[in-house]
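Enquirer: predicted model and sequence below, questions to follow.
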Amino acid sequence: MYEGAIQDLIDELGRLPGVGPKSAQRIAFHVLAADPADVKRLAQALQRVKDLVRFCTRCYNVAEADLCRICRDPRRSDEVFCVVEEPKDVVAIERTGEFRGRYHVLGGAINPLEGIGPDSLRIRELMTRLAEGTCKELILATDPNTEGEATATYLALMVKPMGLTVTRLASGLPVGGDLEYADEITLGRAFEGRRAV
Ligand SMILES: [Zn+2]
């Protein structure tokens, strides 16, 4: 369609999630018309995220050091762990201001159709952390959809012999959806109203 660099950019943008061919074209021409300094900042931000960001060695949240900001914070409680699927769920829960414990990011949810079993997730790492013995309550905040429910059920069974309180977020979250799309108030209420499983 176009030649050379502009088509390369359209092709690359079109590979991003949620960017269709029309949007890719619109963004590419926006970049072409933009101030060179703005484009340079965008290019640097893309490169820096790959160079600097890694996963926290304790909770697997995104981090720019060995441990993420939350694991490094001495004021947070080691008695409550909240299990989520993705780093973006940590952000959603932090926005509610309802949680002052630690997180564990699984890196997805059990999904047999896509070949994602418990071994593909950071469940073994969670068990190791729980065996340290500080955690008294484990909150299962996986997404309110089929995969998230299956993952929560699996984890509840796994940790049962450890004698912890295991809770699941209250209903009221949009079923079938993603945790990150729930508004802060709904998610905050679901947190307060969590129930033992
Ligand atoms: Zn961490």
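Expert: The structure has been received and is ready for your questions.
Enquirer: may I ask which helix or strand of this protein has the lowest mean pLDDT?
Expert: helix 184-192 (a mean of 82; mean pLDDT, DSSP states H and E).
Enquirer: which residues are contacting the longest helix anywhere in the chain?
Expert: Among the segments of the chain that qualify as a helix by DSSP state H, the longest is helix 36-52. Contact with helix 36-52 is made by 31, 64, as judged by C-beta atoms under 8 Å, 6 or more residues apart in numbering. C-beta: built from backbone N, CA, C; applies to glycine.
Enquirer: span of stretch 24-40 from start to end?
Expert: End-to-end distance for stretch 24-40: 18 Å, by C-alpha to C-alpha, to the nearest Å.
Enquirer: check stretch 48-68 too.
Expert: Using C-alpha to C-alpha, the two ends of stretch 48-68 sit 17 Å apart.
Enquirer: what sits against the residue nearest the centre of the chain?
Expert: Among the residues of the chain, E86 comes closest to the average C-alpha position under C-alpha atoms, centre = their mean, at 1.8 Å. Shown in contact with E86 (C-beta under 8 Å, 6+ apart): 105, 107-108, 180.
Enquirer: so how far is T134 from it?
Expert: 24 Å (C-beta to C-beta, to the nearest Å).
Enquirer: helix or strand right after the helix or strand containing Y154?
Expert: Element membership for Y154 (DSSP states H and E) is helix 146-159. As assigned by DSSP H and E, the chain's next helix or strand after helix 146-159 is strand 165-168.
Enquirer: which parts of the chain sit against the ion?
Expert: Contact residues, the chain versus the ion (C-beta under 5 Å from the ion): 56, 58-59, 61, 68, 71.
Enquirer: what about those residues, which are in helices?
Expert: C71.
Enquirer: got CSV for the residues of the chain next to the ion, with neighbour count too?
Expert: Shown next, in CSV, are the residues of the chain next to the ion (neighbours: other C-beta atoms under 10 Å):
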residue, neighbour count
C56, 23
R58, 19
C59, 25
N61, 22
C68, 24
C71, 19
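Enquirer: pull the most distant pair out of the residues of the chain next to the ion.
Expert: Distance extremes for those: the farthest pair is R58 and N61 at 8.7 Å, using C-beta to C-beta.
Enquirer: what's the overlap in contacts for those two?
Expert: By C-beta under 8 Å, 6+ apart, the residues touching both R58 and N61 are 68, 71.
Enquirer: tell me where the model's unsure across the protein.
Expert: 171-177 (pLDDT under 70).
Enquirer: mind doing that once more with 90?
Expert: 1, 3, 98, 114, 144-145, 160, 169-197 (pLDDT under 90).
Enquirer: what about the spatially most distant residue from the centre of the chain, distance to the ion?
Expert: Largest separation from the mean C-alpha position in the chain: E3, at 38.0 Å (C-alpha atoms, centre = their mean). Distance, E3 to the ion, by C-beta to the ion, to the nearest Å: 46 Å.
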